[in-house]
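Chemist: have a look at this fold, sequence not included:
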């Protein structure tokens, strides 16, 4: 049964793809070369994307975030063609990542929000609330996560997420329980539409949180039960 409030909600699955963390050189912030990008796309296609397409609730938009440079990157253009063929709503933005990058002392989050948020208005339309669920481009969610997120009633400064999950070794296919010591980066933030789309209001609303570890300190946060995410360990992780 579709919760009544879903008529009033747009749900993004937010995936920071390029522009996150330190790069391999002084001018390559968040980009580790074409071979790395191709590899991460292959991981995304094999693991992350199927976990999203297998969701029982299909009422969401897959939102991939890239640096401005990727708008002209043939590798990214090819990924766009691939995404157009999966027959599921998706959005590419090229203003950088919309979360705080705690790997940089002088993060430019506000500038990135200014570049990115106005382009999302067309997807949101007349909805009153925006749900933004975070996942890395190499991790997975269980098939009922979208349905569970949308079953949560919207409210100002509301957030929720999963403290427990799994680890998967891509090379050996070994699986282990993952009990995060700090707050894991698998969460959903609820935004009023006007707050989400306005760069200054958005920036103020999220703290800004210096990293996913501080989400429970900034929002009215609740923990959801179950092990419903899986972190993939594959040798080319940014921080795992």
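Modeler: Received, thanks. On a predicted model such as this, the values are computed, not experimentally measured, just so you know.
Chemist: these two touch, right, residue 40 and residue 137?
Modeler: Yes. Contact criterion C-beta atoms under 8 Å: residue 40 and residue 137 qualify, at 5.9 Å. In this view, the C-beta of every residue, glycine as well, is placed from N, C-alpha and C.
Chemist: shared neighbours of these two, which are they?
Modeler: residue 17 (C-beta atoms under 8 Å, 6 or more residues apart in numbering).
Chemist: just give me the neighbour total for residue 139.
Modeler: Counted with other C-beta atoms under 10 Å, residues neighbouring residue 139 total 24.
Chemist: no, scratch that, I was asking about residue 37
Modeler: Neighbour count for residue 37, taken as other C-beta under 10 Å: 19.
Chemist: burial of the nearest residue to it once chain neighbours are set aside, as a residue count?
Modeler: Sequence neighbours aside, residue 75 is the residue nearest to residue 37 in space, at 5.3 Å (criterion: C-beta to C-beta, 6 or more residues apart in numbering). Applying other C-beta under 10 Å, we find 14 residues neighbouring residue 75.
Chemist: downstream of the helix or strand where residue 83 lies, the next helix or strand is which one?
Modeler: Following DSSP states H and E, one finds residue 83 within helix 74-84. Note on helix 74-84: by DSSP H and E, the next helix or strand toward the C-terminus is strand 90-93.
Chemist: please, where are all the strands along the chain?
Modeler: Counting by DSSP state E, the chain has strands at residues 9-16, 61-65, 90-93, 129-134, 139-141, 158-161, 164-169, 175-179, 187-192, 220-223, 229-233.
Chemist: turn those strands into TSV, columns for distance to residue 123 and mean pLDDT.
Modeler: Output for these, formatted as TSV (distance: least, C-beta to C-beta, whole Å; pLDDT from 0 to 100):
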stretch	distance to residue 123	mean pLDDT
strand 9-16	6	97
strand 61-65	6	98
strand 90-93	6	98
strand 129-134	9	98
strand 139-141	20	97
strand 158-161	21	97
strand 164-169	28	94
strand 175-179	32	94
strand 187-192	13	97
strand 220-223	25	96
strand 229-233	24	94
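Chemist: any idea how far the lowest-mean-pLDDT helix or strand in the chain is from the chain center?
Modeler: Counting by mean pLDDT, DSSP states H and E, the weakest-scoring helix or strand in the chain turns out to be helix 215-218, with a mean of 90. Distance of helix 215-218 from its chain centroid, counting by C-alpha atoms, centre = their mean, to the nearest Å, is 17 Å.
Chemist: show me what it is packed up against.
Modeler: Here helix 215-218 touches strand 158-161, going by 3 or more C-beta pairs under 8 Å, 6 or more residues apart in numbering; DSSP states H and E.
Chemist: repeat the analysis, applying 10 Å as the threshold.
Modeler: For helix 215-218, the packing partners by 3 or more C-beta pairs under 10 Å, 6 or more residues apart in numbering; DSSP states H and E come out as strand 158-161, strand 187-192, strand 220-223.
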